[in-house]
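Q: Sharing a model that was predicted from the sequence below.
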Amino acid sequence: MLLFIIMLTIVAGGLTAIALAHPPRAEIVVWNDDAERRMLRERKISLRGW
């Protein structure tokens with residue numbers, strides 16, 4: 001029984017780590033100045049490459 005609980009905890013921890021490893025996806029519907037300002041304000045994009 002203890003082995004089952006330990007294995008269940010390891011599986012749940014692994015699935016949680018996988019879910020948290022993926023960054024959130026930014027949905028861009030229309031790219032215009034307002035969308036760019038909003039995304040910069042919400043820190044979804046950065047200007048490091050410019």
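A: Now that the structure is in, tell me what you want to look at. Numbering: from 1, shown residues only.

Q: CA only for contacts and neighbour counts going forward, please
A: Noted.

Q: where does Met39 land on pLDDT?
A: On pLDDT, Met39 comes in at 75.

Q: tell me, how many neighbours does it end up with?
A: Here the count is done by other CA atoms under 10 Å, and Met39 has 16 residues near it.

Q: Also Gly14?
A: Using other CA under 10 Å, Gly14 has 12 neighbouring residues.

Q: Give the next helix or strand downstream of the helix or strand hosting it.
A: Assessed by DSSP states H and E, Gly14 sits inside helix 2-21. With elements assigned by DSSP H and E, the helix or strand that comes after helix 2-21 is helix 33-41.

Q: Go through that following helix and flag the buried ones.
A: Within helix 33-41, the residues scored as buried using 16 or more other CA atoms under 10 Å are Met39.

Q: Now that helix - C-alpha only, CSV.
A: Extracted in CSV, the C-alpha atoms of helix 33-41 (Å, rounded to 0.1, in the frame of the first residue of the first chain):
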residue,chain,number,x,y,z
ASP,A,33,-0.2,49.0,-32.7
ASP,A,34,-2.9,48.5,-30.0
ALA,A,35,-2.2,44.7,-29.9
GLU,A,36,1.6,45.4,-29.7
ARG,A,37,1.2,47.9,-26.9
ARG,A,38,-1.1,45.5,-25.0
MET,A,39,1.3,42.6,-25.3
LEU,A,40,4.2,44.7,-24.3
ARG,A,41,2.2,45.9,-21.3
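
Q: Show me what it is packed up against.
A: With contacts defined as 3 or more CA pairs under 8 Å, 6 or more residues apart in numbering; DSSP states H and E, helix 33-41 has no packing partner among the helices and strands.

Q: Of all the helices and strands in this structure, which has the lowest average confidence?
A: helix 33-41 (a mean of 79; mean pLDDT, DSSP states H and E).

Q: and it, how far from the chain's centre?
A: Relative to its chain's centre, helix 33-41 lies at 19 Å (CA atoms, centre = their mean, to the nearest Å).

Q: Tell me the buried residues in the helix holding Gly14?
A: Quick answer for helix 2-21: no buried residues (16+ other CA under 10 Å).
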